[in-house]
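> from the sequence below, what's the structure:
(one chain, ligands or ions: 1)
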Amino acid sequence: MSETQRMVTVRVPAKINLLLAVGPRRPDGFHELSTVFCAVGLYDTVTASPATDLSVRLTGPESAGLPADARNLAWRAAVLLAEHVGIEPRVRLSIDKAIPVAAGLAGGSADAAATLLACARLWNLTVEPAARDALAAELGSDVSFALHGGCALGTGRGERLRPVPATAASSWVLAAASGGLSTPQVYAELDRQRAAGTGSPAVGGPEPVIAALGSGDPHLLADRLGNDLEPAALALAPYLGATLAAGRRLGALGGLVSGSGPTCAFLAPDGEAAERLAQGLLASGTCRFARAVVGGAARPKLTVRSNQS
Ligand code: ATP
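Got it, this is the predicted structure:
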(Lines give C-alpha, C1' and ligand atoms only; values in the text may rest on other atoms or scores of the structure.)
Protein backbone atom coordinates (compact mmCIF):
# COMPACT_ATOMS: atom_id res chain seq x y z
CA MET A 1 0.00 0.00 0.00
CA SER A 2 1.40 3.41 -0.87
CA GLU A 3 1.94 6.04 1.81
CA THR A 4 2.26 9.79 1.45
CA GLN A 5 5.54 11.18 2.79
CA ARG A 6 6.09 14.83 3.44
CA MET A 7 9.47 16.43 2.74
CA VAL A 8 10.29 19.94 3.86
CA THR A 9 12.96 21.92 2.01
CA VAL A 10 14.49 25.19 3.18
CA ARG A 11 16.73 27.21 0.90
CA VAL A 12 18.86 29.47 3.08
CA PRO A 13 21.26 32.27 2.12
CA ALA A 14 24.85 33.04 3.10
CA LYS A 15 25.68 36.35 4.79
CA ILE A 16 28.35 38.99 4.57
CA ASN A 17 29.10 41.67 7.17
CA LEU A 18 28.98 45.19 5.73
CA LEU A 19 30.36 46.43 9.02
CA LEU A 20 31.95 44.38 11.77
CA ALA A 21 32.99 46.41 14.80
CA VAL A 22 34.66 44.21 17.41
CA GLY A 23 34.64 45.43 21.01
CA PRO A 24 36.59 44.02 23.93
CA ARG A 25 36.66 40.36 24.84
CA ARG A 26 33.96 39.57 27.42
CA PRO A 27 34.43 37.36 30.48
CA ASP A 28 32.59 34.54 28.62
CA GLY A 29 35.28 34.61 25.91
CA PHE A 30 33.09 36.18 23.22
CA HIS A 31 33.69 39.69 21.90
CA GLU A 32 31.03 42.38 22.07
CA LEU A 33 30.04 43.04 18.45
CA SER A 34 28.19 45.64 16.48
CA THR A 35 27.67 44.30 12.99
CA VAL A 36 25.53 45.00 9.94
CA PHE A 37 24.57 41.66 8.39
CA CYS A 38 23.51 41.40 4.78
CA ALA A 39 22.13 38.14 3.35
CA VAL A 40 23.41 37.38 -0.16
CA GLY A 41 22.02 35.23 -2.96
CA LEU A 42 24.23 32.17 -2.49
CA TYR A 43 22.23 29.34 -0.95
CA ASP A 44 22.49 26.00 0.81
CA THR A 45 19.41 23.78 0.65
CA VAL A 46 18.39 21.57 3.56
CA THR A 47 15.70 18.91 3.05
CA ALA A 48 14.13 17.19 6.06
CA SER A 49 12.32 13.88 5.47
CA PRO A 50 10.68 11.45 7.88
CA ALA A 51 12.97 8.72 9.27
CA THR A 52 13.25 6.35 12.20
CA ASP A 53 16.44 8.01 13.47
CA LEU A 54 18.67 11.03 12.79
CA SER A 55 21.02 11.14 9.81
CA VAL A 56 22.78 13.76 7.70
CA ARG A 57 23.70 13.38 4.04
CA LEU A 58 25.86 15.98 2.30
CA THR A 59 25.98 16.75 -1.42
CA GLY A 60 26.90 19.73 -3.55
CA PRO A 61 30.02 21.55 -4.73
CA GLU A 62 31.14 22.71 -1.24
CA SER A 63 30.43 19.57 0.79
CA ALA A 64 33.89 17.92 0.71
CA GLY A 65 35.31 17.00 4.10
CA LEU A 66 32.31 18.10 6.16
CA PRO A 67 31.25 15.81 9.01
CA ALA A 68 27.86 14.08 8.66
CA ASP A 69 27.49 13.38 12.38
CA ALA A 70 27.01 15.23 15.68
CA ARG A 71 29.79 17.67 14.68
CA ASN A 72 27.52 19.02 11.95
CA LEU A 73 25.60 22.11 13.04
CA ALA A 74 22.46 20.87 11.26
CA TRP A 75 22.55 17.67 13.31
CA ARG A 76 22.94 19.71 16.50
CA ALA A 77 20.03 21.93 15.50
CA ALA A 78 17.72 18.92 15.03
CA VAL A 79 18.74 17.48 18.43
CA LEU A 80 18.29 20.82 20.21
CA LEU A 81 14.84 21.42 18.72
CA ALA A 82 13.71 17.87 19.55
CA GLU A 83 15.02 18.21 23.13
CA HIS A 84 13.22 21.53 23.48
CA VAL A 85 9.85 19.90 22.80
CA GLY A 86 10.67 16.52 24.38
CA ILE A 87 10.61 14.24 21.30
CA GLU A 88 13.17 12.02 19.54
CA PRO A 89 15.01 13.71 16.63
CA ARG A 90 13.71 11.39 13.90
CA VAL A 91 14.66 13.00 10.60
CA ARG A 92 16.82 12.47 7.57
CA LEU A 93 18.60 15.74 6.69
CA SER A 94 19.97 16.17 3.16
CA ILE A 95 22.19 19.23 2.82
CA ASP A 96 23.09 20.51 -0.63
CA LYS A 97 26.06 22.80 0.04
CA ALA A 98 26.88 25.69 -2.26
CA ILE A 99 28.21 28.02 0.48
CA PRO A 100 31.97 27.57 0.95
CA VAL A 101 32.94 26.17 4.37
CA ALA A 102 34.83 28.16 7.04
CA ALA A 103 34.75 31.09 4.64
CA GLY A 104 33.22 33.88 6.75
CA LEU A 105 29.86 33.35 5.01
CA ALA A 106 28.17 31.56 7.95
CA GLY A 107 27.30 28.48 5.91
CA GLY A 108 27.13 26.21 8.95
CA SER A 109 24.88 28.71 10.72
CA ALA A 110 22.67 28.85 7.63
CA ASP A 111 22.29 25.05 7.68
CA ALA A 112 21.44 25.10 11.39
CA ALA A 113 18.78 27.79 10.86
CA ALA A 114 17.33 25.90 7.89
CA THR A 115 17.18 22.73 10.00
CA LEU A 116 15.27 24.50 12.80
CA LEU A 117 12.72 25.77 10.26
CA ALA A 118 12.45 22.49 8.34
CA CYS A 119 12.16 20.19 11.36
CA ALA A 120 9.60 22.44 13.08
CA ARG A 121 7.39 22.05 10.00
CA LEU A 122 8.10 18.33 9.47
CA TRP A 123 7.30 17.54 13.12
CA ASN A 124 4.26 19.89 13.13
CA LEU A 125 5.62 21.91 16.04
CA THR A 126 4.47 25.32 17.10
CA VAL A 127 7.60 27.08 18.33
CA GLU A 128 7.18 30.68 19.39
CA PRO A 129 9.54 33.04 17.50
CA ALA A 130 11.24 34.06 20.76
CA ALA A 131 11.89 30.40 21.70
CA ARG A 132 13.18 29.67 18.19
CA ASP A 133 15.52 32.68 18.35
CA ALA A 134 16.82 31.44 21.71
CA LEU A 135 17.55 27.98 20.26
CA ALA A 136 19.31 29.66 17.33
CA ALA A 137 21.47 31.77 19.64
CA GLU A 138 22.43 28.62 21.57
CA LEU A 139 23.61 26.99 18.34
CA GLY A 140 25.84 29.89 17.27
CA SER A 141 26.20 33.64 17.06
CA ASP A 142 25.17 33.88 13.38
CA VAL A 143 22.26 31.40 13.46
CA SER A 144 19.70 33.98 14.62
CA PHE A 145 20.39 36.20 11.61
CA ALA A 146 20.25 33.19 9.26
CA LEU A 147 16.66 32.53 10.42
CA HIS A 148 15.62 35.94 9.10
CA GLY A 149 17.89 37.08 6.25
CA GLY A 150 17.57 40.52 4.67
CA CYS A 151 19.74 43.13 6.40
CA ALA A 152 20.01 43.53 10.16
CA LEU A 153 22.05 45.16 12.87
CA GLY A 154 23.47 42.51 15.20
CA THR A 155 24.73 43.31 18.70
CA GLY A 156 25.87 41.22 21.65
CA ARG A 157 27.58 38.22 20.02
CA GLY A 158 25.60 39.13 16.89
CA GLU A 159 22.50 37.30 18.12
CA ARG A 160 20.52 40.40 19.18
CA LEU A 161 18.96 41.61 15.94
CA ARG A 162 17.21 44.69 14.66
CA PRO A 163 16.06 44.67 11.01
CA VAL A 164 17.67 47.33 8.82
CA PRO A 165 15.76 48.59 5.79
CA ALA A 166 17.64 48.68 2.49
CA THR A 167 15.99 50.77 -0.22
CA ALA A 168 17.66 48.86 -3.06
CA ALA A 169 19.24 45.47 -3.51
CA SER A 170 23.03 45.73 -3.88
CA SER A 171 25.33 43.90 -6.32
CA TRP A 172 28.24 41.98 -4.84
CA VAL A 173 30.97 39.60 -5.85
CA LEU A 174 32.07 36.96 -3.36
CA ALA A 175 35.64 35.82 -3.94
CA ALA A 176 36.76 32.83 -1.92
CA ALA A 177 40.21 31.36 -1.59
CA SER A 178 41.04 27.66 -1.26
CA GLY A 179 40.96 26.64 2.37
CA GLY A 180 39.26 28.36 5.27
CA LEU A 181 40.12 30.41 8.31
CA SER A 182 39.18 29.40 11.84
CA THR A 183 36.96 32.08 13.40
CA PRO A 184 38.44 31.64 16.95
CA GLN A 185 41.98 31.95 15.54
CA VAL A 186 41.12 35.20 13.74
CA TYR A 187 39.67 36.70 16.94
CA ALA A 188 42.76 35.52 18.87
CA GLU A 189 45.00 37.24 16.31
CA LEU A 190 43.00 40.48 16.71
CA ASP A 191 43.42 40.27 20.51
CA ARG A 192 47.16 39.68 20.01
CA GLN A 193 47.49 42.69 17.69
CA ARG A 194 45.55 44.92 20.09
CA ALA A 195 47.62 43.80 23.08
CA ALA A 196 50.81 44.48 21.13
CA GLY A 197 49.52 47.89 20.07
CA THR A 198 49.88 46.97 16.39
CA GLY A 199 46.16 46.86 15.57
CA SER A 200 44.47 49.15 13.06
CA PRO A 201 42.11 51.96 14.13
CA ALA A 202 38.62 50.64 15.00
CA VAL A 203 35.99 50.91 12.27
CA GLY A 204 33.44 52.87 14.35
CA GLY A 205 29.71 52.45 14.80
CA PRO A 206 27.10 51.05 12.42
CA GLU A 207 24.94 54.15 11.85
CA PRO A 208 26.80 55.45 8.75
CA VAL A 209 26.43 52.04 7.05
CA ILE A 210 22.75 51.84 8.01
CA ALA A 211 22.19 55.33 6.57
CA ALA A 212 24.01 54.34 3.35
CA LEU A 213 21.79 51.25 3.00
CA GLY A 214 18.75 53.48 3.41
CA SER A 215 20.02 55.87 0.73
CA GLY A 216 20.35 53.10 -1.89
CA ASP A 217 23.59 54.74 -3.12
CA PRO A 218 26.26 52.04 -3.65
CA HIS A 219 29.07 54.64 -3.78
CA LEU A 220 28.15 55.89 -0.31
CA LEU A 221 27.89 52.33 0.99
CA ALA A 222 31.28 51.43 -0.52
CA ASP A 223 32.98 54.26 1.39
CA ARG A 224 31.52 53.10 4.69
CA LEU A 225 32.25 49.36 4.67
CA GLY A 226 34.56 48.20 7.44
CA ASN A 227 35.73 45.14 9.33
CA ASP A 228 37.85 45.16 12.49
CA LEU A 229 38.80 41.52 11.79
CA GLU A 230 40.32 42.31 8.39
CA PRO A 231 43.89 43.07 9.61
CA ALA A 232 43.86 39.82 11.64
CA ALA A 233 42.57 37.80 8.67
CA LEU A 234 45.26 39.41 6.47
CA ALA A 235 47.95 38.51 9.00
CA LEU A 236 46.86 34.85 8.99
CA ALA A 237 46.19 34.71 5.23
CA PRO A 238 48.47 37.31 3.58
CA TYR A 239 47.37 36.22 0.08
CA LEU A 240 44.08 38.04 0.74
CA GLY A 241 45.92 41.31 0.09
CA ALA A 242 46.26 40.29 -3.57
CA THR A 243 42.56 39.39 -3.82
CA LEU A 244 41.49 42.75 -2.34
CA ALA A 245 43.89 44.64 -4.63
CA ALA A 246 42.65 42.74 -7.71
CA GLY A 247 39.01 43.56 -6.92
CA ARG A 248 39.77 47.26 -6.57
CA ARG A 249 41.90 47.28 -9.74
CA LEU A 250 39.06 45.58 -11.64
CA GLY A 251 36.55 48.30 -10.76
CA ALA A 252 34.92 47.34 -7.45
CA LEU A 253 33.45 50.36 -5.66
CA GLY A 254 34.71 48.90 -2.40
CA GLY A 255 35.78 45.60 -0.93
CA LEU A 256 36.43 43.95 2.40
CA VAL A 257 37.05 40.62 4.06
CA SER A 258 33.69 39.12 5.04
CA GLY A 259 33.42 38.26 8.74
CA SER A 260 36.45 36.28 9.83
CA GLY A 261 37.35 35.56 6.19
CA PRO A 262 38.86 34.41 3.99
CA THR A 263 36.05 35.32 1.54
CA CYS A 264 36.35 38.85 0.17
CA ALA A 265 33.16 40.72 -0.73
CA PHE A 266 33.26 43.42 -3.43
CA LEU A 267 30.53 45.95 -4.07
CA ALA A 268 29.75 46.68 -7.74
CA PRO A 269 27.67 49.50 -9.26
CA ASP A 270 25.13 47.03 -10.75
CA GLY A 271 24.55 43.39 -11.64
CA GLU A 272 26.31 43.51 -15.02
CA ALA A 273 29.40 45.11 -13.51
CA ALA A 274 29.34 42.42 -10.80
CA GLU A 275 29.31 39.64 -13.45
CA ARG A 276 32.29 41.24 -15.22
CA LEU A 277 34.12 41.69 -11.92
CA ALA A 278 33.55 38.02 -11.01
CA GLN A 279 35.03 36.91 -14.34
CA GLY A 280 37.98 39.28 -13.92
CA LEU A 281 38.68 38.04 -10.41
CA LEU A 282 38.66 34.40 -11.51
CA ALA A 283 41.01 35.23 -14.39
CA SER A 284 43.32 37.11 -11.99
CA GLY A 285 44.16 33.81 -10.28
CA THR A 286 43.76 35.37 -6.82
CA CYS A 287 40.78 33.19 -5.84
CA ARG A 288 39.29 29.78 -6.65
CA PHE A 289 35.65 30.90 -6.51
CA ALA A 290 34.09 34.21 -7.59
CA ARG A 291 30.35 34.66 -7.79
CA ALA A 292 28.13 37.67 -8.52
CA VAL A 293 25.26 37.79 -6.02
CA VAL A 294 22.48 40.15 -5.00
CA GLY A 295 22.63 41.45 -1.42
CA GLY A 296 19.94 42.43 1.04
CA ALA A 297 16.93 40.68 -0.43
CA ALA A 298 17.70 37.02 0.30
CA ARG A 299 15.66 35.21 2.97
CA PRO A 300 15.09 31.57 3.94
CA LYS A 301 12.39 29.97 1.78
CA LEU A 302 10.45 26.91 2.93
CA THR A 303 8.60 24.51 0.62
CA VAL A 304 6.70 21.34 1.44
CA ARG A 305 6.43 18.41 -1.00
CA SER A 306 4.43 15.22 -0.71
CA ASN A 307 5.79 12.00 -2.23
CA GLN A 308 4.02 8.67 -2.73
CA SER A 309 6.22 5.85 -1.41
P1 ATP B 1 31.17 31.84 11.09
O2 ATP B 1 31.52 33.11 10.35
O3 ATP B 1 29.69 31.72 11.46
O4 ATP B 1 32.08 31.45 12.21
P5 ATP B 1 32.14 30.48 8.76
O6 ATP B 1 31.32 30.94 7.64
O7 ATP B 1 33.51 31.05 8.87
O8 ATP B 1 31.34 30.66 10.10
P9 ATP B 1 31.24 27.75 8.51
O10 ATP B 1 31.15 27.42 7.06
O11 ATP B 1 29.97 27.97 9.23
O12 ATP B 1 32.26 28.94 8.72
O13 ATP B 1 32.09 26.57 9.19
C14 ATP B 1 32.73 26.73 10.43
C15 ATP B 1 33.05 25.35 10.99
O16 ATP B 1 31.82 24.67 11.29
C17 ATP B 1 33.82 24.46 10.04
O18 ATP B 1 35.00 24.09 10.67
C19 ATP B 1 32.94 23.25 9.80
O20 ATP B 1 33.63 22.02 9.86
C21 ATP B 1 31.90 23.30 10.90
N22 ATP B 1 30.56 22.89 10.42
C23 ATP B 1 29.69 22.11 11.08
N24 ATP B 1 28.57 21.94 10.37
C25 ATP B 1 28.70 22.62 9.23
C26 ATP B 1 27.88 22.81 8.10
N27 ATP B 1 26.66 22.25 8.00
N28 ATP B 1 28.34 23.60 7.11
C29 ATP B 1 29.56 24.18 7.23
N30 ATP B 1 30.38 24.01 8.26
C31 ATP B 1 29.97 23.24 9.27
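
> and the helices in the stretch 1-150 of the chain, which stretches?
73-85, 107-122, 129-139, 143-148 (DSSP state H, counting those that start in this stretch).

> nearest to Y239, of the ones you listed?
Nearest to Y239 among the helices of the stretch 1-150 of the chain is helix 107-122; the distance by Cβ to Cβ comes to 20.9 Å. Every residue, glycine included, has its C-beta placed from N, CA and C.

> is that closest one anywhere near the ligand?
Yes - against the ligand, helix 107-122 shows contacts by Cβ under 6 Å from any ligand atom at G107, G108, S109, D111.

> please apply the same query to stretch 71-89.
Yes - against the ligand, stretch 71-89 shows contacts by Cβ under 6 Å from any ligand atom at R71, N72, L73, A74.

> what mean pLDDT does that stretch get?
Mean pLDDT, stretch 71-89: 98.

> contacts for it?
Here stretch 71-89 makes contact (Cβ atoms under 8 Å, 6 or more residues apart in numbering) with 46, 48, 53-54, 56, 58, 66, 68-70, 91, 93, 95, 108-109, 111-116, 119-120, 123, 125, 127, 131, 135, 138-140, 143.

> and R276, helix, strand or coil?
Assigned with DSSP: H, G, I helix; E, B strand; the rest coil, R276 falls in the helix class.

> what about G199, which helix or strand?
Applying DSSP states H and E as the criterion places G199 outside every helix and strand.

> L244 now?
helix 240-249.

> next up, the contacts around the residue of the chain found nearest the ligand.
Nearest residue of the chain to the ligand: G108, at 2.8 Å (Cβ to the nearest ligand atom). Residues in contact with G108, defined by Cβ under 8 Å, 6+ apart, are N72, L73, V101, G140.

> change it to 6 Å
L73 (Cβ atoms under 6 Å, 6 or more residues apart in numbering).

> cool, the one 10 residues further on as well?
Applying Cβ under 6 Å, 6+ apart, one finds that A118 lies in contact with V8, V10, V46, A48.

> residues of stretch 83-94 that come out buried?
H84, P89, R90, V91, R92, L93, S94 (16 or more other Cβ atoms under 10 Å).
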